[in-house]
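> Below is the sequence, then the predicted model.
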Amino acid sequence: MTLKMANIAKMAHVSTSAVSLALNGKAGISQETREKIFKIINETGYEPLRKRRKGGSRKVASCDLMIISDEKGIVNRHYYSLPFFDHLVANLTQSVTGFGTDLRIDNLKINHLIQDLEFLLQTKSITNAIVLGTDLTSTQVKYISSKIKHVVFLDTYFEELNCDFVTMDNYRATYEAANYILEKGYTQIGYAASIKENANFLQRRAGFLDALKNKKISLQNLYKIDPASLTKIGPLAGFSYKNLPEVIFCETDYMALRIIKDLTKNNIKVPDDVKIMGFDDISEGKLASPSLTTIHVPIDQIVNQVIFQLQAQVATSDWNAQKSLIGTHLVVRQSL
């Protein structure tokens, strides 16, 4: 069954004219009604941004997925080998076809961001974009936002900027993770952090450390891990096997799984000798031995929210920038 505007109106319990007003960014309906309409549009896969040409054919709005890579960062040239980003990009690519079938993927280097973006804008018209900007600074986010009319930044967040962001609630996630560890009675706690700092990781550290501080517990070990070494053979740069704490929290599952592998090679048993917790809930964590206790990130929900905000920007002339922090939950398995 092909959905029509009348079907959307019926599901939203509004008039067809209200749906039309929402899709065309016109005044005459409340913000609450507008958001309810777009929520149903996302859930049903209805394509509100298709416009009819003369003769009845349909023109599909285009969208660019911009992946900003950083050789020294998390989204480097090997990002597609990291399970979380592979899943995220695959889901986004599949889901965004509900927004517009003309999806173009652009790879830009963070060290040449201005040149790469200027060249891209000279070669094609870009008005709608989703930016995977994990390693971007606030200055770089502002620059991209000034060049593209409709843009949503994915997997990053800056409170001070008037831009659309969608990411997980990193602070709340790690605050609750630390409290779980403390409630289990552990006080000798380590933290495996990336040497590459980005907005997500800074929020994770802040949440975790604040929870410890509130219980008057000090961090025993802080490991500064080079993300580039995660895929290399040999010792994990930044990690030490001496004076291990009771529990190590890792900023990513990929980091946690690599640490478990190295501990096992050194005859250190997980969870008997040291317990490990990750962040992301990648599928590999379920299959690991021991299986990984972690924080689940709802990628489908994040992707749906990104598409909703981009659709709303395009269809709403007076759209106010929205910062969306998607909730997470703890998944307890064998490693802790």
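Here it is on my side, so go on.
> low pLDDT regions in the stretch 51-200 of the chain?
51-61, 71-89, 91-103 (pLDDT under 70).
> can you give me the helices in it?
For the stretch 51-200 of the chain, the helices defined by DSSP state H, counting those that start in this stretch cover 83-95, 113-123, 138-147, 170-183, 199-214.
> cool, and the stretch 201-336 of the chain?
Going by DSSP H, counting those that start in this stretch, the stretch 201-336 of the chain shows helices at 253-265, 283-287, 299-315.
> Go through those helices and name the closest to N170.
Taking CB to CB, helix 299-315 is the member of the helices of the stretch 201-336 of the chain nearest to N170, at 12.3 Å. In short, each C-beta sits where N, CA and C put it, glycine included.
> Could I have the CA atoms of the closest one written out in PDB?
The C-alpha coordinates for helix 299-315 follow below in PDB (Å, rounded to 0.1, in the frame of the first residue of the first chain):
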ATOM      1  CA  ILE A 299      21.800   3.300  16.600                       C
ATOM      2  CA  ASP A 300      18.400   2.900  14.900                       C
ATOM      3  CA  GLN A 301      16.900   5.500  17.100                       C
ATOM      4  CA  ILE A 302      19.800   7.900  16.500                       C
ATOM      5  CA  VAL A 303      19.500   7.400  12.700                       C
ATOM      6  CA  ASN A 304      15.700   8.100  12.900                       C
ATOM      7  CA  GLN A 305      16.300  11.200  14.900                       C
ATOM      8  CA  VAL A 306      18.900  12.500  12.400                       C
ATOM      9  CA  ILE A 307      16.500  12.000   9.500                       C
ATOM     10  CA  PHE A 308      13.600  13.600  11.400                       C
ATOM     11  CA  GLN A 309      15.600  16.700  12.200                       C
ATOM     12  CA  LEU A 310      16.900  17.100   8.600                       C
ATOM     13  CA  GLN A 311      13.400  16.700   7.200                       C
ATOM     14  CA  ALA A 312      12.000  19.200   9.700                       C
ATOM     15  CA  GLN A 313      14.700  21.700   8.700                       C
ATOM     16  CA  VAL A 314      13.800  21.500   5.100                       C
ATOM     17  CA  ALA A 315      10.100  21.600   5.600                       C
END
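> and it, which residues are buried?
By 16 or more other CB atoms under 10 Å, the buried positions in helix 299-315 come out as 299, 302-315.
> Check stretch 217-229 too.
I217, L219, Q220, N221, Y223, I225, P227, S229.
> Out of those residues, which comes closest to Q140?
When the buried residues of stretch 217-229 are compared for distance to Q140 (CB to CB), P227 wins out at 18.9 Å.
> How about the closest one, nearest residue that isn't a chain neighbour?
Spatial nearest neighbour of P227, excluding adjacent residues (CB to CB, 6 or more residues apart in numbering): S194 at 5.2 Å.
> Make sure that neighbour is actually in contact with I225.
Yes - counting by CB atoms under 8 Å, S194 does reach I225; the two are 5.8 Å apart.
> Which residues are in contact with each of the two?
Common contacts of S194 and I225 (CB atoms under 8 Å, 6 or more residues apart in numbering): M255.
> residues touching the residue nearest to W319 when sequence neighbours are not counted, list them.
Nearest residue to W319 in three dimensions, chain neighbours excluded: Q313, at 5.0 Å (CB to CB, 6+ apart). Contacts for Q313 (CB under 8 Å, 6+ apart) come out as N128, H150, V151, V152, D164, W319.
> what packs against the one helix or strand V19 maps to?
V19 is part of helix 16-23 when elements are defined by DSSP states H and E. Other helices and strands packing on helix 16-23, by 3 or more CB pairs under 8 Å, 6 or more residues apart in numbering; DSSP states H and E, are helix 5-12, helix 31-44.
> Next, work out how far apart the residue nearest the centre of the chain and L202 are.
In the chain, the residue lying closest to the centroid (CA atoms, centre = their mean) is D155, at 3.3 Å. Remark: distance between D155 and L202 (CB to CB, to the nearest Å) = 13 Å.
> Surely L21 and I29 touch.
Yes - at 5.1 Å, L21 counts as touching I29 under the criterion of CB under 8 Å.
> Would you single out the least confident of the helices and strands packed on helix 16-23?
When the helices and strands packed on helix 16-23 are compared on mean pLDDT, helix 31-44 scores lowest, with a mean of 77.
> Just want the angle from it to helix 5-12.
Put simply, helix 31-44 runs at 110 degrees to helix 5-12, going by axes from the mean of the first three to the mean of the last three CA atoms, to 10 degrees.
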